[in-house]
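Asker: Sequence unavailable; structure follows:
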């Protein structure tokens, strides 16, 4: 009978263990499994979101690098244009200065030519006066006054004609 009792005790223990296992499964394991599964899903979702954010950041980084390169190119273009404009302005200023110098030089040459011509005319007039006075003085003593005057007029006319040529 102890053997029967032992068998019944063993069966009761097995049934108790089965009931305990079922209770533990429904009370602890199933909620723990659901919480763990939910946590795993949240973690997986966060990883996917982080990966999408990383890809977005990478794309934004590439876009910014492209824009930065465009800005560098635009900056270089602006600098080149500014340098060309500065060169044009420099050339314009040099040309204007050269034109002014040429104009001043031309004026000076004209003025010198005018003064030279005036001086030449004064010398010629003085020469004519001296020759005329000298001829008057010499011819006055040798010829009569009307012939003397005629010679002076002809000589003056010839000298003036010679000056024109």
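Answerer: Looks like it came in fine. Every value quoted in this text rests on a predicted model; they were computed, and no experiment measured them.
Asker: Would you map the helices across this structure?
Answerer: Taking DSSP state H as the criterion, the chain carries its helices at 2-24, 30-142, 145-164.
Asker: Does anything pack onto the lowest-mean-pLDDT helix or strand in the chain? Which helices or strands?
Answerer: Per-element confidence for the chain was summarised using mean pLDDT, DSSP states H and E. The lowest value among helices and strands belongs to helix 145-164, with a mean of 72. With contacts defined as 3 or more C-beta pairs under 8 Å, 6 or more residues apart in numbering; DSSP states H and E, the secondary structure elements packing on helix 145-164 are helix 30-142. C-betas here are computed from N, CA, C, even on glycine.
Asker: now the angle from the least confident helix or strand of the chain to helix 30-142?
Answerer: In this structure, helix 145-164 runs at an angle of 160 degrees to helix 30-142, with axes from the mean of the first three to the mean of the last three C-alpha atoms, to 10 degrees as the basis.
Asker: As CSV, the helices of the chain with mean neighbour count would be great.
Answerer: Rendered in CSV, the data for the helices of the chain read as follows (neighbours: other C-beta atoms under 10 Å):
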stretch, mean neighbour count
helix 2-24, 10
helix 30-142, 10
helix 145-164, 12
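Asker: Of these, which shows the lowest average pLDDT?
Answerer: Ranked by mean pLDDT, the helices of the chain bottom out at helix 145-164, which scores a mean of 72.
Asker: quick one: residue 115 and residue 124, what's the gap?
Answerer: According to C-beta to C-beta, to the nearest Å, residue 115 and residue 124 sit 15 Å apart.
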